[in-house]
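Engineer: take this sequence and fold it.
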Amino acid sequence: MDRQELALFLRSRRERITPADVGLPAGRRRRTPGLRREEIAQLAHMSTEYYTRLEQARAPRPSAEILTGLARALRLSDAERAHLHQLAGAPPAPSPGPSREVRPSILELIKRLPDAAATVISASFEVIAWNDLAAALMEDFSAVPRRDRNLVRRVFLGPHLYGVSDADAFARNATQRLRAVSARYPRDPGIAELIRDLHAGSERFRTLWASHDVEAEPTLRKTFAHPVVGPVTVNCDVLDIADRDQRLIIYTPVPGSSSAEAMRLLSVIGTQRMVSAGER
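Structural biologist: All right, here's what the predicted structure looks like:
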């Protein structure tokens, strides 16, 4: 345990958090930047005395529960959480589940793709970030529960997978990837629940799962059956975000094609609902 470096690290992380970040009133008499020691202690569910001793490099080695509380209270990233454990002389256990934290640079990148639909999906196939054109092409993900943003759940259990032309191939490839993911995160309750639900609700999934295949072939092109602009055929480029076990998926139409025109129209329509002639 490196008490001196741990003390400095804790103080630096505490001072970067504002009261507003954690829903606390700013108050008028704050002599130092960031939160007070007693506020961090309260958020981490520990005594102020013990936290103060940690910042003074006088405390005994913190327990795993204390480190978990500190990581949560200090809003540490995955890398900072690992560093905290190393300083405390208690290397962290492997992450129990796939990360849902998307790097700010990736979020900014997908916003800067005005002519392409882009999503970021977690290792368990949950859509965790998207740009406006992806929402217009598929659906407004912000308006649906997190559970319904899982693409493998949708392809097997519904309600639908946005009318994509490769639904069967996606179901097969997703099952193969999910088997590998379940081996990487054997302690993640969300993945275990997903697999149970798929087993209970889909004979197709049970058949594919029983094959024990783990090699998934990439999809290079697919067509979305959009209810307003009609079929939209796009190229699919998948970029691995290795440090987060995530994938960035970019959908682009062939320039000058009818699908490119449809995507341009979608960028104007956005996610507003348009009633087609058949619905009137």
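
Engineer: stretch 204-217 - what's its average pLDDT?
Structural biologist: On average, the pLDDT along stretch 204-217 is 85.

Engineer: again but with stretch 64-77, I slipped
Structural biologist: 88.

Engineer: how about stretch 249-262?
Structural biologist: pLDDT averaged over stretch 249-262 gives 96.

Engineer: list the contacts for the nearest residue to Lys111 once chain neighbours are set aside?
Structural biologist: If the residues on either side of it in the chain are set aside, Lys111 comes closest to Asn131, at 5.7 Å by C-beta to C-beta, 6 or more residues apart in numbering. The C-beta positions use only the backbone N, C-alpha and C, and glycine is treated the same way. Contact analysis of Asn131 by C-beta atoms under 8 Å, 6 or more residues apart in numbering lists 110-111, 113, 116-119.

Engineer: among those residues, which one sits closest to Tyr251?
Structural biologist: Checking the contacts of Asn131 against Tyr251 by C-beta to C-beta gives Ala117 as the nearest, at 4.2 Å.

Engineer: which residues does the closest one contact?
Structural biologist: Neighbour list for Ala117: 130-131, 133-134, 136-138, 234, 250-252, 263 [criterion: C-beta under 8 Å, 6+ apart].

Engineer: show the pLDDT at it.
Structural biologist: For Ala117, the predicted pLDDT is 97.

Engineer: distance-wise, check it relative to Ser99.
Structural biologist: 23 Å (C-beta to C-beta, to the nearest Å).

Engineer: one more: Glu65?
Structural biologist: According to C-beta to C-beta, Glu65 and Ser99 sit 22 Å apart.

Engineer: OK, contacts around Ala88?
Structural biologist: Ala88 makes contacts with 1, 6, 61-62, 67, as judged by C-beta under 8 Å, 6+ apart.

Engineer: inside strands: which ones of the residues you listed?
Structural biologist: Using DSSP state E, no member of the contacts of Ala88 sits in strands.

Engineer: write the ChimeraX selection for whichever of the residues you listed are buried.
Structural biologist: Buried residues within these, by 16 or more other C-beta atoms under 10 Å, are selected in ChimeraX with:
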select :6,62,67
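
Engineer: which two of the contacts of Ala88 have the greatest separation?
Structural biologist: Met1 and Leu67 (11.3 Å).

Engineer: can you classify Pro249 by secondary structure?
Structural biologist: Pro isn't right for residue 249; it's Ile. Under DSSP: H, G, I helix; E, B strand; the rest coil, Ile249 falls in the strand class.

Engineer: now Ala225
Structural biologist: Secondary structure assignment for Ala225 (three-state DSSP): strand.

Engineer: may I ask you to confirm that it is in contact with Pro231?
Structural biologist: Yes - taking C-beta atoms under 8 Å as the definition, Ala225 is a contact partner of Pro231 at 5.8 Å.

Engineer: neighbours around the spatially closest residue to Asp240 that is not a sequence neighbour, how many?
Structural biologist: Take Asp240 and drop its neighbours on the chain: the residue closest to it by C-beta to C-beta, 6+ apart is Arg247, 5.8 Å away. Using other C-beta atoms under 10 Å, Arg247 has 17 neighbouring residues.
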